[in-house]
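Student: Below are the sequence and a predicted model for it; my questions follow.
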Amino acid sequence: MAIDFTLAPEHEELRSRVREFIRETVIPATEGELERDDYLRVIFDLRKEARSRNLWLPHMPKEWGGMGLGHVELAMVQAEAAKTRLGPWVLNCMAPDEGNMHTLLHWGTDEQKEKYLRPLTEGTKMSCFAMTEPEVAGSDPTLIQTRAERDGDEWVVNGHKWFISNARRANFAILIARTEHDVPEGSRGANTAFLVDLPADGWNDVREVETMHGSTGHSEIVISDLRLPDSQVLGGRGNGHRLGQYRLGPARLAHCMRWISQAETALDMMVDRALNRRSHGSALADKQGVQWLIADSAMELYQAKLMVLHAASKIDKGEDFRTEVSMAKHFVAGALNRIVDRAIQVHGALGYSTDTPLAHMFQHARWARLADGADEIHQMRIAERTIDAYRSTGSTWSATGSLPL
């Protein structure tokens, strides 16, 4: 029975190279206050350095200039890269471009790949994924109200999108709109994906929605009589839902890989603070109440790592990974929130201030329980699959990882 959690020597060497690059080059170069021009120069220089070290595009095939890693291998790279917020960007494996690259590789025509995927892989363009709408539940894409109507050999699109990450910086969008109007409500064949070059007449970036972590990154878009030729359809008419779900599965797990890195950073900070802060005659690390916070965090981080590795292995094997990714996404997002919160507690008022990164980490962590499907949606799907497994086989075994025990 082959269960081995050790890395092959070449993968251990790769992880060491990523860790060294992030810790010794990326973090020192991006610390402190920099003027905008200096900041941009530094991060683009870091991208060049990543390419020269063969640490570019870990998630893409070698024929597209990537490292050709599987999802288990990608997990170790993402976990090291995300020790700093800019790490995934420097390696060109950040959201939403990472998921859009996978989508274009799988669904795009040869012409679409050259026009849209090629510049993403080369790091010369950026993208966004426009699906979520304010009028309907974001966790149910079958309710999308943005409409695309045929007009000769063109489509005319009208609708309203929001929380479209990266839209203000994007050179193009993958837009999901309803094209099939004679299908029943809730049908998964009603939507179509379109490629939109930006800026475009009819694509109106109204504002960046201000969130807990500020007003950068998430745009509200009003689409008014946006005209797109039929050649801009991505993945075929009526396949928008399938395309979106194909994109979101691995993308959810990639988020988890990065969240594990943040949770581990918070736990490291928690233990360091507990060892070096004294109160009532001893270090905080000697206090049972603090030890419980550390123990709970260590156990949750261990669970998170195992879940991500197992889900990644199922993707690599071509097996059905939906339940495992849903479980991982739900659990890791919650664990990140709890671990960062405990780290803040151990730091006391310092943790609540912005003198450490914990306050900003907590602001970003809360988003994790909403992104790519709210907690409750994943719980609903997990329950449905567990019930279906029992109905089909008389056992829930297949819904709990299909593990050899």
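Tutor: Ah, there it is. Just so it is clear, the model here is predicted, and its values are computed rather than measured.

Student: For the residue nearest to residue 333 when sequence neighbours are not counted, which residues are in contact?
Tutor: Once flanking residues are discounted, residue 333 sits nearest to residue 368: 3.8 Å by Cβ to Cβ, 6 or more residues apart in numbering. Bear in mind the C-beta positions are built from the backbone N, C-alpha and C, glycine included. Contact analysis of residue 368 by Cβ atoms under 8 Å, 6 or more residues apart in numbering lists 255, 259, 332, 333, 336, 337.

Student: Ok, residue 235 next?
Tutor: Taking Cβ under 8 Å, 6+ apart as the criterion, residue 235 is in contact with 103, 107, 108, 192, 193, 242, 243.

Student: And the strands in the protein?
Tutor: For the chain, applying DSSP state E gives strands covering 127-130, 147-151, 154-165, 172-178, 191-197, 203-208, 218-229, 233-234, 278-279, 282-283.

Student: Would you tell me which one of those is buried the most?
Tutor: Among the strands of the chain, strand 127-130 has the highest mean neighbour count (mean count of other Cβ atoms under 10 Å), at a mean of 27.

Student: Give the rounded mean pLDDT of that strand.
Tutor: Confidence over strand 127-130 (mean pLDDT, whole number) is 97.

Student: same question, stretch 282-297
Tutor: For stretch 282-297, the mean pLDDT works out to 98.

Student: Buried residues of that stretch, list them for me.
Tutor: Counting neighbours by 16 or more other Cβ atoms under 10 Å, one finds that the buried residues in stretch 282-297 are 284, 285, 290, 293, 294, 297.

Student: Quick check: chain neighbours aside, which residue is closest to the second one?
Tutor: In space, and not counting its chain neighbours, residue 285 is closest to residue 274: 4.0 Å by Cβ to Cβ, 6+ apart.

Student: Output the below-cut-off pLDDT ranges for the stretch 251-400 of the chain.
Tutor: Scanning the stretch 251-400 of the chain for pLDDT under 70 picks out nothing.

Student: Quick one: the helices in it, in order.
Tutor: Per DSSP state H, counting those that start in this stretch, the stretch 251-400 of the chain carries helices over the ranges 288-316, 322-347, 349-352, 358-368, 375-393.

Student: low pLDDT regions in the stretch 1-150 of the chain?
Tutor: Within the stretch 1-150 of the chain, the segments meeting pLDDT under 70 span 1-2.

Student: give the contact list for the nearest residue to residue 96 once chain neighbours are set aside.
Tutor: In space, and not counting its chain neighbours, residue 96 is closest to residue 129: 4.9 Å by Cβ to Cβ, 6+ apart. Residue 129 makes contact with 96, 99, 100, 164, 165, 173, 174, 247, according to Cβ under 8 Å, 6+ apart.

Student: let's see it at 10 Å
Tutor: By Cβ atoms under 10 Å, 6 or more residues apart in numbering, residue 129 lies in contact with 95-97, 99-100, 103, 161, 164-167, 170, 173-176, 193, 244, 247-248, 251.

Student: Would you quantify the distance from it to residue 71?
Tutor: Distance of residue 129 to residue 71, computed by Cβ to Cβ, to the nearest Å: 20 Å.

Student: ok, now residue 357?
Tutor: Counting by Cβ to Cβ, the gap from residue 357 to residue 71 is 28 Å.

Student: neighbour count winner among these two?
Tutor: residue 71 (22 against 17; other Cβ atoms under 10 Å).

Student: The more buried one contacts residue 257, doesn't it?
Tutor: Yes. Residue 71 is in contact with residue 257 according to Cβ atoms under 10 Å; the separation is 8.8 Å.

Student: Common neighbours of those two, please.
Tutor: Contacts common to residue 71 and residue 257, judged by Cβ under 10 Å, 6+ apart, are 78, 308, 309, 312.

Student: Let me see the contact set for the first one.
Tutor: It stands for residue 78. Counting by Cβ under 10 Å, 6+ apart, residue 78 touches 18, 58-59, 69, 71, 87-88, 91, 93-94, 98, 253-261, 308.

Student: ok, now which ones touch the nearest residue in space to residue 113 that is not next to it in sequence?
Tutor: Counting by Cβ to Cβ, 6+ apart, residue 104 is the residue found nearest to residue 113 once chain neighbours are left out, at 5.9 Å. With contact set as Cβ under 10 Å, 6+ apart, residue 104 has these partners: 64, 112-113, 115-118, 120-121, 127, 174, 195, 234-235, 247.

Student: Let's see which of the residues you listed end up in helices.
Tutor: 112, 118, 120, 121, 247 (DSSP state H).

Student: what's the neighbour count on the first one?
Tutor: Going back to what we said before, that points to residue 112. Counted with other Cβ under 10 Å, residue 112 comes out at 18.

Student: Could you do the second one as well?
Tutor: Applying other Cβ under 10 Å, we find 15 other residues in the vicinity of residue 118.

Student: Hmm, residue 63 and it touching each other?
Tutor: No. In this structure, residue 118 is not within contact of residue 63 by Cβ under 10 Å, at 11.5 Å.

Student: got JSON lines for the shared contacts of residue 71 and residue 257, with distance to residue 26 too?
Tutor: Formatted as JSON lines, the shared contacts of residue 71 and residue 257 follow (distance: Cβ to Cβ, whole Å):
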{"residue": "78", "distance to residue 26": "14"}
{"residue": "308", "distance to residue 26": "22"}
{"residue": "309", "distance to residue 26": "25"}
{"residue": "312", "distance to residue 26": "24"}
